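Colleague: Only the shape, not the letters, is given here:
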């Protein structure tokens, strides 16, 4: 198989990235919980809709992406946030900034394509 035949998968946002989200909720016994999830870019809008309308089911999350870590409590400990950032090779200070994650991913993919094109020249 020629290398250029594989190029589309190399730039598929779902294959190369996740959008890290922090979900809050209430346990069955009434206590609070938090949960870091890794959402596929293609499922981000659907995830946000489900979160907004209350239909998000963390027990059946596979279609959205992966559950990273969760625990009871109001907020995750700082060391957990740092570890999640390390796992996904990102800066934890950017976790709670107002960004358009799909736009950021698109920009990163364009940078990859540019670097790849320069490497072929």
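Modeller: Structure's in. What do you need? Everything quoted here is computed from the prediction, not taken from an experiment. Residues are numbered from 1 along each chain as shown.
Colleague: next SSE after the least confident helix or strand in the chain by mean pLDDT?
Modeller: The least trusted helix or strand in the chain, going by mean pLDDT, DSSP states H and E, turns out to be helix 7-10, with a mean of 64. Counting by DSSP states H and E, the element after helix 7-10 in chain order, helix or strand, is helix 13-16.
Colleague: Pull out the buried residues from that next one.
Modeller: Using 16 or more other C-beta atoms under 10 Å as the burial criterion, the residues of helix 13-16 that qualify are residue 13. The C-beta positions use only the backbone N, C-alpha and C, and glycine is treated the same way.
Colleague: And it, what does it pack against?
Modeller: Helices and strands touching helix 13-16, by 3 or more C-beta pairs under 8 Å, 6 or more residues apart in numbering; DSSP states H and E, are helix 101-120.
Colleague: can you give me the offset of the helix it packs on from its chain's centre?
Modeller: 18 Å (C-alpha atoms, centre = their mean, to the nearest Å).
Colleague: List of residues touching it?
Modeller: Outside helix 101-120, the residues within contact range by C-beta atoms under 8 Å, 6 or more residues apart in numbering are 10, 11, 13, 16, 17, 19, 41, 44.
Colleague: pLDDT score assigned to the residue most central in space within the chain?
Modeller: The C-alpha lying nearest the average C-alpha coordinate of the chain belongs to residue 19 (C-alpha atoms, centre = their mean; 1.9 Å). At residue 19, the pLDDT value in this model is 89.
Colleague: pLDDT below threshold where in the chain?
Modeller: Within the chain, the stretches with pLDDT under 70 are 1-8, 121.
Colleague: Who is the residue nearest to the centre of the chain paired with across the strands?
Modeller: Beta-bridge partners for residue 19, by DSSP bridges, are residue 39.
Colleague: Give me the distance between it and residue 53.
Modeller: Separation of residue 19 from residue 53 (C-beta to C-beta, to the nearest Å) stands at 19 Å.
Colleague: And residue 82, by the same measure?
Modeller: 32 Å.
Colleague: quick one: which of those two has more around it?
Modeller: In this view residue 82 and residue 53 are compared by other C-beta atoms under 10 Å, and residue 82 has more residues nearby, 13 against 8.
Colleague: How far does stretch 39-49 stretch from one end to the other?
Modeller: One end of stretch 39-49 to the other measures 13 Å (C-alpha to C-alpha, to the nearest Å).
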